[in-house]
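Participant: okay, sequence plus prediction incoming.
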Amino acid sequence: MFNFFKSLGPLRFVLLLSVVILILAAPFVGEKTVMHGWQMMTTVIFPVMVPMYFFVLPLDMTMCGILMQDKPQSVRTNYKRIIWFEVGLLLLLLLAWLPFVYRLIG
């Protein structure tokens, strides 16, 4: 498992770590906007970041698919593993933030 995270590279590791933070922060999101202090993270910053990451993750999956085309089988296997890991995180991100979106709409 450690080799998998090592094979991600630093930028993709930070991307996926920030997605995990957004997933874990979803239950603490407030509906009333607070513009000062730490509550600003859960009422302004995180809700703004989620749609951005919702589009960045599929872009990274697409780039993995493009980059693995002319690579040896071992590298292709690693890219496929990364793509499936990102698909799982994208679904978790969607499921974690759906209650907040429903509260906003309804």
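Facilitator: Thanks, I have the structure now. All values derive from a computational prediction rather than experimental measurement.
Participant: please count neighbours and contacts with C-alpha atoms only from this point.
Facilitator: OK.
Participant: longest helix in this structure, please.
Facilitator: The residue-count maximum for a helix in the chain (DSSP state H) belongs to helix 73-105.
Participant: list the buried residues in that helix.
Facilitator: In terms of neighbour count (16 or more other C-alpha atoms under 10 Å), helix 73-105 has its buried residues at 76, 79-80, 82-83, 86, 89-90, 92-94, 96-97, 100.
Participant: mind putting those into TSV with distance to V14?
Facilitator: As requested, the buried residues of helix 73-105 are arranged in TSV below (distance: C-alpha to C-alpha, whole Å):
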residue	distance to V14
R76	21
Y79	17
K80	19
I82	14
I83	16
E86	13
L89	13
L90	15
L92	17
L93	16
L94	19
A96	19
W97	20
F100	24
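Participant: would you reformat those as TSV and include pLDDT and distance to F55?
Facilitator: Converted to TSV, the buried residues of helix 73-105 look like this (pLDDT from 0 to 100; distance: C-alpha to C-alpha, whole Å):
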residue	pLDDT	distance to F55
R76	94	23
Y79	94	19
K80	95	19
I82	94	16
I83	96	14
E86	96	12
L89	96	13
L90	97	10
L92	97	14
L93	97	12
L94	97	12
A96	97	16
W97	96	14
F100	92	18
